[in-house]
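Undergrad: Pasting a predicted model and its sequence here:
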Amino acid sequence: YLSSKRRVSVKKPLSSPVLNSPNLSRRNSIIAKGSQIEKITSKELETVISNRTTPVLIDFFATWCGPCVLLAQELQKVAEEQGDKLKIVKVDVDENPDICSTLNISGLPTLIFIPKDADKHAYRTEGLLPAHKITEVLGKL
């Protein structure tokens, strides 16, 4: 039982070598400069899906979400590997709560894999996936 009068001291701050790297902050690691990955709004999402000529990978993320930041690095690897064969877009859940409610996005990060062929079903995953697993799912589209 913890009372409001008890204090907890932390001698050493909690840290992550990846997240505390001087070259990596949460904001700038979500989408790397010069990246093929595009941050879009919920309004733009419909257009991206309707006009797709390749499979589309949608990443629902938040800047405060540690696994989302790590996933951004994995998505960058996939983008470099796939090139023009795949469109990757990111939707910030804090900036677009309407689409998150509509799609029942409750866990972060959430990935939705939309195949090029509109007759095929989309895949959905929640949680951090390594690049090779993302590529594996893309192979099933």
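TA: Thanks, I have the structure now.

Undergrad: For residue 87, give me its contacts.
TA: Going by C-beta atoms under 8 Å, 6 or more residues apart in numbering, residue 87 touches 38, 48, 52, 54-57. Where you see a C-beta, it was placed from the backbone N, CA and C, and this is true even at glycine.

Undergrad: Tell me both backbone torsions, phi and psi, for it.
TA: The phi and psi values for residue 87, taken as degrees, to the nearest 10, are phi -110, psi 130.

Undergrad: How about the one 5 residues further on?
TA: With angles defined as degrees, to the nearest 10, residue 92 shows backbone torsions of phi -80, psi 120.

Undergrad: Wait, it touches residue 45, no?
TA: No. Taking contacts as C-beta atoms under 8 Å, residue 92 lies outside contact range of residue 45: 11.6 Å.

Undergrad: From the chain's centroid, how far away is the host helix or strand of residue 89?
TA: Assigned by DSSP states H and E, residue 89 belongs to strand 87-92. Its chain's average C-alpha position is 7 Å from that of strand 87-92, according to C-alpha atoms, centre = their mean, to the nearest Å.

Undergrad: So for that strand, mean pLDDT?
TA: When pLDDT is averaged along strand 87-92, the result is 97.

Undergrad: for the spatially closest residue to residue 122 that is not a sequence neighbour, what are its contacts?
TA: Nearest non-adjacent residue to residue 122, counting by C-beta to C-beta, 6 or more residues apart in numbering: residue 114, 4.8 Å away. Contacts here follow C-beta under 8 Å, 6+ apart; on that basis residue 114 touches 49, 52, 55-58, 122.

Undergrad: Tell me how far residue 114 lies from residue 124.
TA: Going from residue 114 to residue 124 by C-beta to C-beta, to the nearest Å gives 10 Å.
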